[in-house]
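# predicted model and sequence follow; I will ask about them next.
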Protein chains: 2
Amino acid sequence: MTKPARTSGFSPRNPRRTRERILSAALQEFALNGFAGARVDAIAQRAAINKRMLYHYFGNKERLFREVLRLKMVQRQAWAETLSGDPAESLSFWFEAACKDADWVRLLEWEALQNTDRRLIDKKNRRAATARGLERIRQRQARGLISSELDPRHVMLTMRSLTMFPAAFPQLTQLIMGRPVSDPRFQRERAAFLKKFAAAFHPLKHELPSKPMAQSKDT
Amino acid sequence: MTKPARTSGFSPRNPRRTRERILSAALQEFALNGFAGARVDAIAQRAAINKRMLYHYFGNKERLFREVLRLKMVQRQAWAETLSGDPAESLSFWFEAACKDADWVRLLEWEALQNTDRRLIDKKNRRAATARGLERIRQRQARGLISSELDPRHVMLTMRSLTMFPAAFPQLTQLIMGRPVSDPRFQRERAAFLKKFAAAFHPLKHELPSKPMAQSKDT
DNA sequence: CTTCCAAGTAACTTGGTGGTTACTTATTAC
DNA sequence: GTAATAAGTAACCACCAAGTTACTTGGAAG
């Protein structure tokens, strides 16, 4: 602990920056080509570092992949928690997020395909995040924003389906909608549709909120 | 054209059978590992044929992949057309189909990931099939099974999302539902949920079918 | 100054993988 | 029967990509 260890500047040595460059390049390569398709040399080149450093910092290709995935997961969760409100807003919001962060969706997709009975990466953390998500749904049910007749787990699965699918299957979306997923017109149109469609989650008229205004520590 | 060319039997030469064995083995390998991950030797071994024959019949790995994809596509379309009726039935039916035919979903997923701005395989055919699907939705709208206020394209995209997502993202489904997608209890439960949820597509009471009973050449 | 280790580089090894060569054998057309 | 072609085999090869070896250099601590 001598100097504040400036991380910027043009020092020829800069471990932090190198590590970050590798991670960022790896994210792009893995999102683009998946684990099997990604080339370590390509990552090194993209990061403008020597390939050897990649092994220095991460051991091997798979450990790097896991780290990339874990990191993205953490980032996502961080700002996932900040959101709440009624399904109409969440749906369109998450849909747009999925469209914007294609890397994220693609990583999950690669994970799904790779995960032939393998253990889940960062399991503990994700379990906790999911549990928190379910709890937030229950709170919305209590507040009468979502029908209490729907199982929170199914609500969550349904919402994920609706928001992620187009970004996950751009070729099918293009086929059906006649526009690429990246087209802003599609995104606006779909967001509008989801806002309408969110009514499916609302309570029916005859339903009364079970706890009209329980403790709402939700944002 | 001399003999009826018996395709069964133990003749040492059997082109048809060889071709089919390769395709079937390739389907499994590609569904499991994707294009980049699949090993030509593994396909040959699985098919119990000499690797050379694979090149004999299909030229190269990519052409084989495209053929596998095209074939699955055709098979799917064939019995896709046979179905109709109200969303409650279609949704749960297609959901179960997706769970049962994981290879199909996985292939689409690999395609989605691989398809970085590449041209779509079997485009023409799939366009036509999609158009027919949209037409069937319009017929159901005319018959009052689906709300006419919903854009058929969005209806289709939504249905696909709901039915394919769990099979496409088994790890997320497991995380949310606490059961593997393959678990029959999950499948039954989800099918039941979708039947209820299908109400979202139904017309509201105030809506009246625009063409109460137009020509319904739909099955 | 010099010691020591982390950061960094270039060239190499090794194994696997898509694709080929050179060949044999069955089937069919005439 | 036999020529021609399609079906099939084994061994091979060139290349590519993950991971290593052996080395140099910067910088902080004493």
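Done, it's in.
# which bits of chain A sit near DNA strand C?
A:12, A:13, A:14, A:15, A:18, A:49, A:50, A:51, A:52, A:53, A:56 (C-beta under 7 Å from any atom of the strand). (Each C-beta comes from the backbone N, C-alpha and C, glycine too.)
# the nearest residue to residue A:80 once chain neighbours are set aside: how many residues sit nearby?
Closest residue in space to residue A:80, ignoring its immediate chain neighbours: residue A:129 at 7.1 Å, by C-beta to C-beta, 6 or more residues apart in numbering or on different chains. By other C-beta atoms under 10 Å in any protein chain shown, 19 other residues sit near residue A:129.
# residue A:122 now?
Using other C-beta under 10 Å, the number of residues around residue A:122 comes to 17.
# do I have it right that the residue nearest to residue A:80 meets residue A:79?
No: at 11.8 Å, residue A:129 does not count as touching residue A:79 under the criterion of C-beta atoms under 8 Å.
# give the residues shared as contacts by those two.
Common neighbours of residue A:129 and residue A:79, counting by C-beta atoms under 8 Å, 6 or more residues apart in numbering or on different chains, are absent.
# can you give me the pLDDT of the residue nearest to residue A:80?
pLDDT, the model's per-residue confidence, is 93 for residue A:129.
# pop the domain breakdown of chain A in here.
A:14-69, A:81-219 (automatic domain parsing).
# take these and lay them out in CSV including distance to DNA strand D.
Listed next are those as CSV, based on distance: least, C-beta to the nearest atom of the strand, whole Å:
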stretch, distance to DNA strand D
domain A:14-69, 3
domain A:81-219, 14
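# hey, least reliable of the ones you listed by pLDDT?
The weakest mean pLDDT among those belongs to domain A:81-219, with a mean of 89.
# so in chain A, which helix runs the longest?
Counting by DSSP state H, the longest helix found in chain A is helix A:15-37.
# list the buried residues for whichever helix or strand comes after that helix?
The first helix or strand that comes after helix A:15-37 along the chain, using DSSP states H and E, is helix A:40-47. Buried residues in helix A:40-47, defined by neighbour count with 16 or more other C-beta atoms under 10 Å in any protein chain shown: A:42, A:43, A:44, A:46, A:47.
# now do stretch A:85-104
By neighbour count on 16+ other C-beta under 10 Å, the buried set for stretch A:85-104 is A:86-88, A:90-92, A:94-99, A:101-102, A:104.
# can you say which two of those residues are spatially most distant?
For those, the farthest-apart pair by C-beta to C-beta is A:86 and A:102; their separation is 26.5 Å.
# returning to that earlier point: a markdown table for the domains of chain A, including distance to residue B:121?
What follows is the domains of chain A, written out as a markdown table (distance: least, C-beta to C-beta, whole Å):
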| stretch | distance to residue B:121 |
| --- | --- |
| domain A:14-69 | 18 |
| domain A:81-219 | 9 |
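# still on that earlier bit, show me the buried residues of stretch A:85-104 that map onto helices.
A:87-88, A:90-92, A:94-99, A:102, A:104.
# can you put those residues in a markdown table and add distance to residue A:24?
Below are these laid out as a markdown table (distance: C-beta to C-beta, whole Å):
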| residue | distance to residue A:24 |
| --- | --- |
| A:87 | 34 |
| A:88 | 35 |
| A:90 | 29 |
| A:91 | 30 |
| A:92 | 29 |
| A:94 | 24 |
| A:95 | 26 |
| A:96 | 23 |
| A:97 | 20 |
| A:98 | 21 |
| A:99 | 21 |
| A:102 | 15 |
| A:104 | 14 |
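# can you tell me which of those is closest to residue A:171?
Nearest to residue A:171 among those is residue A:102, at 13.3 Å by C-beta to C-beta.
# quick check: residue A:26 touching residue A:64?
Yes: in terms of C-beta under 8 Å, residue A:26 counts as a neighbour of residue A:64; the distance is 5.4 Å.
# now the common contact residues for the two.
Listed contacts common to residue A:26 and residue A:64 are residue A:43; contacts here mean C-beta under 8 Å, 6+ apart.
# look at these two and report which has more neighbours.
Set residue A:26 next to residue A:64 and count neighbours by other C-beta under 10 Å: residue A:26 wins out with 26 against 23.
# show me the contacts for the more buried one.
By C-beta under 8 Å, 6+ apart, residue A:26 lies in contact with A:38, A:43, A:47, A:64, A:65, A:68.
# just how off-centre is the helix or strand containing the last one within its chain?
When secondary structure is defined by DSSP H and E, residue A:68 falls within helix A:61-80. A distance of 10 Å separates the centroid of the chain from that of helix A:61-80, by C-alpha atoms, centre = their mean, to the nearest Å.
# which elements pack onto it?
Other helices and strands packing on helix A:61-80, by 3 or more C-beta pairs under 8 Å, 6 or more residues apart in numbering or on different chains; DSSP states H and E, are helix A:15-37, helix A:51-58, helix A:102-114, helix A:123-142.
# rerun that using 6 Å as the cut-off
Using 3 or more C-beta pairs under 6 Å, 6 or more residues apart in numbering or on different chains; DSSP states H and E as the contact criterion, the elements in contact with helix A:61-80 are helix A:15-37, helix A:102-114.
# need the contact partners of it.
Contact with helix A:61-80 is made by A:26, A:27, A:30, A:35, A:40, A:58, A:104, A:107, A:121, A:122, A:129, as judged by C-beta atoms under 6 Å, 6 or more residues apart in numbering or on different chains.
# right, I'll leave it there.
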